[in-house]
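# Fold the following for me, if possible:
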Amino acid sequence: MSKQEKKLNQVEARVSNLETKFEAFMEEMRDFKTEMRDRDNQRAADIRELRQDMKTMQAQLDAKIDGIGKHVQNVTVAAMVGVGTSVIAVVVLVGTTVYALLTR
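All right, here's what the predicted structure looks like:
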């Protein structure tokens, strides 16, 4: 073999080696891309789940706030009735006292 044939064989061997390495690299990149896509899909699913949980919690909180509002309304009505009763009691007491003083 001549010197040029040896160099040509070496170049061909290097090119073949580089092609093999390049194919391996491309396969790794495909695997990496697939893995990243899977991770993105998992994150998207997690975010959807968290958003649904937040909506559920918001609905529960709204229901509790409505319940508290009704309770406050009931307590307010009871307080108004109590104040009204107290006013009536004071009027009766004053009326009775005035009547007692006038009849003596």
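
# ranges for the helices of this protein?
3-103 (DSSP state H).

# Show me the shaky parts of it.
Under the criterion of pLDDT under 70, the regions of the chain flagged as low confidence span 1.

# Grab the most central residue of it for me.
The chain has Met54 as the residue nearest its centroid, 3.6 Å off, counting by C-alpha atoms, centre = their mean.

# how far away is it from Leu61?
Met54 is 10 Å from Leu61, where distance means C-beta to C-beta, to the nearest Å. For every residue, glycine as well, the C-beta is placed using N, CA and C.

# Could you do Thr20 as well?
For Thr20, the distance to Leu61 - C-beta to C-beta - is 61 Å.

# Asp38 now?
For Asp38, the distance to Leu61 equals 35 Å [C-beta to C-beta].

# Pull the number of nearby residues for Ala44.
By the criterion of other C-beta atoms under 10 Å, Ala44 has 10 neighbours.

# got it, and Val72?
10.

# Let me know the distance separating it from Met80.
Distance, Val72 to Met80, using C-beta to C-beta: 13 Å.
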